[in-house]
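Chemist: got a structure for you, letters missing:
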């Protein structure tokens, strides 16, 4: 009987090289980068002093030449 191989969850499978991801991010506009950050914020924890925030608790907006993450006020 053939040995069953365990399936690796999709979130752990590499679809491209890390350098490709960095390059792709670098050519995006700031608005596209902000949208990308919203998607990745599900896996982000920000610690400021004694306070901890999950990335999805923050609002992301483009201000001039930067992306600002601030507390959600709702």
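Modeler: Done, it's in. Note that the coordinates shown come from a computational prediction; the quantities given were computed from them, not determined experimentally.
Chemist: Residue 59 contacts residue 74, doesn't it?
Modeler: No - assessed by C-beta atoms under 8 Å, residue 59 is found out of contact with residue 74, at 9.1 Å. The C-beta positions use only the backbone N, C-alpha and C, and glycine is treated the same way.
Chemist: Same drill for those two, tell me which one is more crowded.
Modeler: residue 59 (13 against 4; other C-beta atoms under 10 Å).
Chemist: So which residues of this structure form helices?
Modeler: 18-26, 30-40 (DSSP state H).
Chemist: Look up how far residue 69 lies from the residue most central in space within the chain.
Modeler: The centre of the chain sits closest to residue 40, judged by C-alpha atoms, centre = their mean, with a distance of 2.0 Å. For residue 40, the distance to residue 69 equals 12 Å [C-beta to C-beta, to the nearest Å].
Chemist: Now for these two: what residues contact both?
Modeler: Overlap of the contact sets of residue 40 and residue 69 (by C-beta atoms under 8 Å, 6 or more residues apart in numbering) consists of residue 55.
Chemist: In the chain, where is pLDDT below threshold?
Modeler: The chain contains residues with pLDDT under 70 at 1-2.
Chemist: so where do the strands sit in it?
Modeler: 45-48, 51-54, 58-63, 66-71 (DSSP state E).
Chemist: Which strands and helices lie in contact with the second one?
Modeler: The reference is to strand 51-54. strand 45-48 (3 or more C-beta pairs under 8 Å, 6 or more residues apart in numbering; DSSP states H and E).
Chemist: again with the last one
Modeler: Packed against strand 66-71 by the contact rule (3+ C-beta pairs under 8 Å, 6+ apart) you find helix 30-40, strand 58-63.
Chemist: and of the ones you listed, who's closest to residue 51?
Modeler: Residue 51 lies closest, by C-beta to C-beta, to one member of the helices and strands packed on strand 66-71: strand 58-63, at 12.0 Å.
Chemist: hmm, who's touching the closest one?
Modeler: With C-beta under 8 Å, 6+ apart, strand 58-63 has contacts from 30-31, 34, 37-38, 41, 46, 67-73.
Chemist: so which of those residues comes closest to residue 9?
Modeler: Using C-beta to C-beta, the contacts of strand 58-63 come closest to residue 9 at residue 41, 19.9 Å.
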